[in-house]
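A.B. asks: Need coordinates for the following:
(2 chains)
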Amino acid sequence: KAGVTQTPRYLIKTRGQQVTLSCSPISGHRSVSWYQQTPGQGLQFLFEYFSETQRNKGNFPGRFSGRQFSNSRSEMNVSTLELGDSALYLCASSLSRGNYIPYGYTFGSGTRLTVV
Amino acid sequence: KNEVEQSPQNLTAQEGEFITINCSYSVGISALHWLQQHPGGGIVSLFMLSSGKKKHGRLIATINIQEKHSSLHITASHPRDSAVYICASYSGGGADGLTFGKGTHLIIQP
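C.D. replies: Okay, here's the model as predicted:
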């Protein structure tokens, strides 16, 4: 079966611009979560969506936003880009049990964003 | 706020050695995940644990809920096991989502 697809793979943007990243989950997975990975901070949780609703949000400024569509595809948007936003952005899709705890995470290959 | 600590940060071993990576977390969690990341960024989920022990091939993961501690073991290590191993806890809500350790950079020399 197809894995988690993230587009684009690589992106170079200028400070002040905005960017939209896309994540297509594995068919049947209704939970999508987003993460930022940098050499200094490691992996950090951005947000988690289940059935088009944001369930959890990490400690990131409001410039970071996301949404999930009815087909479970998700996008994240970063506005007014800063140099420090340069990172690998990963999404993961997962199944959820009745109590909404996600399990069986499958990660995409990530989008490497460089802000210049 | 949940915090996840991993040790060691770096580990170099010879092929065939038994490897142990440790993970401690600070608050009650719903699940503990072990992930493997190879150069280039791809992350593979190895285990999800809420209690006890799981085994897959040469990999074994254990968790002690009372002590808030988990270990990942690799038996008969091989150079292809060289990767960064990351533990992550899921506490079930709020700003935590998945909370990650800093990772253990493992190198297995032939």
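
A.B. asks: Make sure B:A83 is actually in contact with B:W34.
C.D. replies: No: under the criterion of CB atoms under 8 Å, B:A83 is not in contact with B:W34, lying 11.4 Å apart. C-beta here means a position set from N, CA and C on the backbone, and glycine is covered the same way.

A.B. asks: Between these two, which is the more surrounded one?
C.D. replies: B:W34 (24 against 20; other CB atoms under 10 Å in any protein chain shown).

A.B. asks: Specify the beta-bridge partners of that one.
C.D. replies: B:F47, B:C87 (DSSP bridges).

A.B. asks: What pLDDT is listed against it?
C.D. replies: Note on B:W34: pLDDT of 95.

A.B. asks: Over to B:L98?
C.D. replies: We have a pLDDT of 84 for B:L98.

A.B. asks: Report the contact partners of it.
C.D. replies: A:S33, A:Y35, A:L43, A:F45, B:H33, B:A88, B:S89, B:Y90 (CB atoms under 8 Å, 6 or more residues apart in numbering or on different chains).

A.B. asks: What is the burial count for the residue lying closest to it once chain neighbours are set aside?
C.D. replies: Distances taken as CB to CB, 6 or more residues apart in numbering or on different chains put B:A88 closest to B:L98, at 4.6 Å, once the chain neighbours are dropped. When neighbours are counted by other CB under 10 Å, B:A88 registers 26.

A.B. asks: Pretty sure B:A88 sits against B:G97.
C.D. replies: No: assessed by CB under 8 Å, B:A88 is found out of contact with B:G97, at 9.3 Å.

A.B. asks: Which residues of chain A lie near chain B?
C.D. replies: Applying CB under 8 Å from any CB of the partner chain, we find that chain A lies next to chain B at A:33, A:35, A:37, A:42-45, A:47-48, A:55-59, A:88, A:90, A:92, A:101-107, A:109-110, A:112.

A.B. asks: of those, buried ones?
C.D. replies: A:33, A:35, A:37, A:42-45, A:47-48, A:55-58, A:88, A:90, A:92, A:101-103, A:105-107, A:109-110, A:112 (16 or more other CB atoms under 10 Å in any protein chain shown).

A.B. asks: So which of these belong to strands?
C.D. replies: Counted as lying in strands by DSSP state E, out of these, are A:33, A:35, A:37, A:42-45, A:47-48, A:55-57, A:88, A:90, A:92, A:102-103, A:105-107, A:112.

A.B. asks: tell me the contacts of B:I65?
C.D. replies: B:S50, B:S51.

A.B. asks: now B:E3
C.D. replies: B:Y25, B:S26, B:T99.
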